[in-house]
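Student: heads up, no residue letters with this:
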């Protein structure tokens, strides 16, 4: 399973997942601060629905996921687990994201703790911003469990494998400054500024051609598993439609005319 942190839930009249969209950026907020944003089935369903909307809407280019109240996510809600609830969705995984991240770029904005399943949500994202006091980890082994929502597979792809092995086997936390030093965190900022930094990064991406950014993500993600002899052919099948697009023509015209491009996503 994907959680090791004890959590408690407080009833609220607010949704467990908040979604906003502006300037080409969708922000998804896990909204269970009294439970350290531990993930329930309702959270997973809310995140999955938001990610479907992100990929479906032409006016959105980038997603950001964060947690309310100064904590990113403490993992699975253990009280729900003890009631028999599993916060994973078929084909989507934990929190509706770990098995099926969106096709569009995704940024995790981390404050406080991102542990167990919370860390695995981070690892399902493409980029990470974090407050200096943030801590990440997959401490499942301390409870006799394993990081089954992608932590064991993705962490050694993002940081040195021997460090990933240490974190998985000891269950120790990784503080944000060290996470930045070894490449897991893109932008390390003062506590409380992770979301602002994520939005700055997202807006920088959103100004670029949407077909280009989506194809670029696809090549970077998928090429890890391509046989060496097939890399160029497989890349061509993804990027040639971008070069043949109206957006590519618009980008060249805008550069020549010294103006901002008007992307159409086609």
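Tutor: Received, thanks. These numbers were taken from a predicted model, which means no experiment stands behind them. Numbers count the residues shown, from 1 in each chain.

Student: All the strands of the stretch 151-266 of the chain, residue numbers only.
Tutor: With DSSP state E, counting those that start in this stretch, the ranges of strands along the stretch 151-266 of the chain come out as 174-175, 187-189.

Student: Columns mean pLDDT on top of these, output as JSON lines?
Tutor: Output for the strands of the stretch 151-266 of the chain, formatted as JSON lines (pLDDT from 0 to 100):
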{"stretch": "strand 174-175", "mean pLDDT": "96"}
{"stretch": "strand 187-189", "mean pLDDT": "98"}
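
Student: For the longest helix belonging to the chain, name the packing helices and strands.
Tutor: Determined from DSSP state H, the single longest helix within the chain is helix 41-56. Helix 41-56 is packed against strand 17-22, strand 25-30, strand 62-67, strand 88-89, with contacts defined by 3 or more Cβ pairs under 8 Å, 6 or more residues apart in numbering; DSSP states H and E. Backbone N, C-alpha and C define where each C-beta goes, glycine included.

Student: Make CSV from the strands of the stretch 151-266 of the chain and add mean neighbour count and distance to residue 90 to it.
Tutor: Supplementary listing: those in CSV, determined by neighbours: other Cβ atoms under 10 Å; distance: least, Cβ to Cβ, whole Å:
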stretch, mean neighbour count, distance to residue 90
strand 174-175, 20, 30
strand 187-189, 19, 34
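
Student: Let me have those strands in JSON lines, extended by distance to residue 112.
Tutor: Formatted as JSON lines, the strands of the stretch 151-266 of the chain follow (distance: least, Cβ to Cβ, whole Å):
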{"stretch": "strand 174-175", "distance to residue 112": "12"}
{"stretch": "strand 187-189", "distance to residue 112": "14"}
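
Student: list the buried ones in the longest helix of the chain?
Tutor: 41-48, 50-51, 53-54 (16 or more other Cβ atoms under 10 Å).

Student: Scan the helices and strands of this protein for the one with the lowest mean pLDDT.
Tutor: Lowest on mean pLDDT, DSSP states H and E among the helices and strands of the chain sits helix 78-82, with a mean of 71.

Student: tally of neighbours for residue 160?
Tutor: 12 (other Cβ atoms under 10 Å).

Student: any idea how far it lies from residue 175?
Tutor: Residue 160 sits at a distance of 16 Å from residue 175 (criterion: Cβ to Cβ, to the nearest Å).

Student: how about the helices in the stretch 151-266 of the chain?
Tutor: All helices of the stretch 151-266 of the chain, identified by DSSP state H, counting those that start in this stretch, fall at 151-158, 161-170, 176-181, 194-206, 210-222, 231-243, 246-256.

Student: quick check, distance from the shortest one to the centre of its chain.
Tutor: In this case it means helix 176-181. Mean-position distance between helix 176-181 and its chain equals 17 Å (Cα atoms, centre = their mean, to the nearest Å).

Student: how close does the residue nearest to residue 46 when sequence neighbours are not counted get to residue 142?
Tutor: Leaving out its chain neighbours, the residue that sits closest to residue 46 by Cβ to Cβ, 6 or more residues apart in numbering is residue 17, at 3.0 Å. Using Cβ to Cβ, residue 17 is found at 28 Å from residue 142.
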